[in-house]
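Participant: Give me a model of this one.
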Amino acid sequence: MTEVPPALSGVDTSRPSAARIYDLMLGGCHYFPVDQKAAAKVMDVVPECREVAWANRGFHQRAARWIADQGVSQFLDLGSGLLTVGNTHEVVREIMPDARVVYVDLDPMVARQAGPALHGDPNAVLIQADLRDPAPLLADRQLRGLIDFSQPVGLVLTAVMHFVADGSNPWRLVRDYLAALPPGSYLALSHGTSDGVPPLATACWQDVYADANVQFHPRPQAAIAGFFDGLELVPPYEAAEATLVHLGLWGCEDPALADSDSSRWGYCGVARVG
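Facilitator: Model prediction:
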């Protein structure tokens, strides 16, 4: 069994956390019994949920690496979750050794864990903030110290906007962030869906997050495509049309092998700004 860390001051261990559940699914160790119980409930109905998490993580890494390969050397990773293996700064620095990365997450445990993980790294920082309030975040001194908005930025929003309710207008929020980026920037976004997924499985996943720090709002492909309005979608793999695809397909070498059941729990895409 994965070791459960001791409680941290300011961290709510009485209800599950989306960041901690995701960490558990990826084989991490930053979770509590309440998160284990929530994850077990999902796994009873969705046995492939660990593969779903890894499918999303794979897209995140492939997309970030691809954006860096286009010459982008600064990244804003919103709703980053707990830092685990193959984080954004590690992946993009394989291409851009001097890449600068700002992580943002609301969860206090993410902030606590990121301190030691990023200690001594002058080009990577985590800011504890709510992405639903873009103006103060975009004006943050730490963010402005690393991100030069006169140069292209990689905006990473993987598996986070499905935790933003319609009432907070997630599409407007993404547009607000994109408005701050210059031409040549890129958006990488993945989002959970209920398209083609058994209704019982979707309901179970939503029920688990009903008592969590954020709730789960899966959306159909058309609604997810709205996040990319006005942008130039990148073809997801060689000879493909520029469109949204399931998680495993973006950046794949063999679409037939990559299109697994676990990857169909979400849609993703990468698009160029301006």
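Participant: dump the residue contacts of the residue nearest to the spatial centre of the chain.
Facilitator: Here the mean C-alpha position of the chain is nearest to the C-alpha of residue 158 (Cα atoms, centre = their mean), at a distance of 2.4 Å. Shown in contact with residue 158 (Cβ atoms under 8 Å, 6 or more residues apart in numbering): 56, 59, 60, 63, 79, 188, 189, 190, 268. For the C-beta atoms, the positions are set from N, CA and C on the backbone; glycine is no exception.
Participant: Can I get those residues in TSV including pLDDT, secondary structure and neighbour count?
Facilitator: What follows is the contacts of residue 158, written out as TSV (pLDDT from 0 to 100; DSSP: H, G, I helix; E, B strand; the rest coil; neighbours: other Cβ atoms under 10 Å):
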residue	pLDDT	secondary structure	neighbour count
56	96	helix	25
59	97	helix	30
60	97	helix	26
63	98	helix	27
79	96	coil	24
188	98	strand	25
189	98	strand	25
190	98	strand	29
268	98	strand	27
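Participant: Could you provide those residues in CSV, with additional columns for distance to residue 23?
Facilitator: Formatted as CSV, the entries for these read as follows, by distance: Cβ to Cβ, whole Å:
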residue, distance to residue 23
56, 13
59, 17
60, 14
63, 20
79, 13
188, 20
189, 21
190, 17
268, 20
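Participant: ok, of those residues, which one's closest to residue 148?
Facilitator: Nearest to residue 148 among the contacts of residue 158, counting by Cβ to Cβ, is residue 188 at 19.2 Å.
Participant: From residue 253, how far out is the closest residue to that closest one other than its chain neighbours?
Facilitator: Nearest residue to residue 188 in three dimensions, chain neighbours excluded: residue 63, at 3.9 Å (Cβ to Cβ, 6 or more residues apart in numbering). In this structure, residue 63 and residue 253 are 15 Å apart, going by Cβ to Cβ, to the nearest Å.
Participant: What of residue 19?
Facilitator: When distance is defined by Cβ to Cβ, residue 19 is 31 Å away from residue 253.
Participant: Between these two, tell me which one has more neighbours.
Facilitator: For residue 19 versus residue 253, neighbours defined as other Cβ atoms under 10 Å are more numerous around residue 19 (28 against 8).
Participant: Would you agree the more buried one is in contact with residue 108?
Facilitator: No: taking Cβ atoms under 8 Å as the contact criterion, residue 19 and residue 108 are not neighbours in contact, 9.9 Å apart.
Participant: which residues do those two both contact?
Facilitator: In terms of Cβ under 8 Å, 6+ apart, residue 19 and residue 108 are not both contacted by any residue.
Participant: Okay, helices next: where are they in the stretch 101-250 of the chain?
Facilitator: Ranges of helices in the stretch 101-250 of the chain, per DSSP state H, counting those that start in this stretch, are 108-118, 134-138, 141-146, 170-179, 199-210, 221-225.
Participant: got the CA positions of the fourth one in PDB?
Facilitator: As requested, the backbone C-alpha atoms of helix 170-179 are provided in PDB (Å, rounded to 0.1, in the frame of the first residue of the first chain):
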ATOM      1  CA  PRO A 170     -15.500  28.300 -18.100                       C
ATOM      2  CA  TRP A 171     -15.400  29.300 -21.800                       C
ATOM      3  CA  ARG A 172     -15.100  33.000 -20.800                       C
ATOM      4  CA  LEU A 173     -12.400  32.200 -18.400                       C
ATOM      5  CA  VAL A 174     -10.300  30.500 -21.100                       C
ATOM      6  CA  ARG A 175     -10.900  33.400 -23.400                       C
ATOM      7  CA  ASP A 176      -9.700  35.800 -20.600                       C
ATOM      8  CA  TYR A 177      -6.400  33.900 -20.300                       C
ATOM      9  CA  LEU A 178      -6.000  33.600 -24.100                       C
ATOM     10  CA  ALA A 179      -6.500  37.400 -24.400                       C
END
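Participant: okay, stretch 204-217 in PDB with CA atoms only?
Facilitator: As requested, C-alpha coordinates have been extracted for stretch 204-217 and formatted as PDB (Å, rounded to 0.1, in the frame of the first residue of the first chain):
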ATOM      1  CA  CYS A 204     -20.600   7.300 -10.200                       C
ATOM      2  CA  TRP A 205     -17.800   9.600 -11.000                       C
ATOM      3  CA  GLN A 206     -19.900  12.700 -10.400                       C
ATOM      4  CA  ASP A 207     -21.200  11.300  -7.200                       C
ATOM      5  CA  VAL A 208     -17.700  10.700  -5.900                       C
ATOM      6  CA  TYR A 209     -16.800  14.300  -6.600                       C
ATOM      7  CA  ALA A 210     -20.000  15.700  -5.100                       C
ATOM      8  CA  ASP A 211     -18.400  15.800  -1.700                       C
ATOM      9  CA  ALA A 212     -14.900  16.700  -3.000                       C
ATOM     10  CA  ASN A 213     -13.300  20.200  -3.000                       C
ATOM     11  CA  VAL A 214     -14.500  20.600  -6.600                       C
ATOM     12  CA  GLN A 215     -17.200  18.800  -8.600                       C
ATOM     13  CA  PHE A 216     -17.000  17.000 -11.900                       C
ATOM     14  CA  HIS A 217     -18.800  18.400 -15.000                       C
END
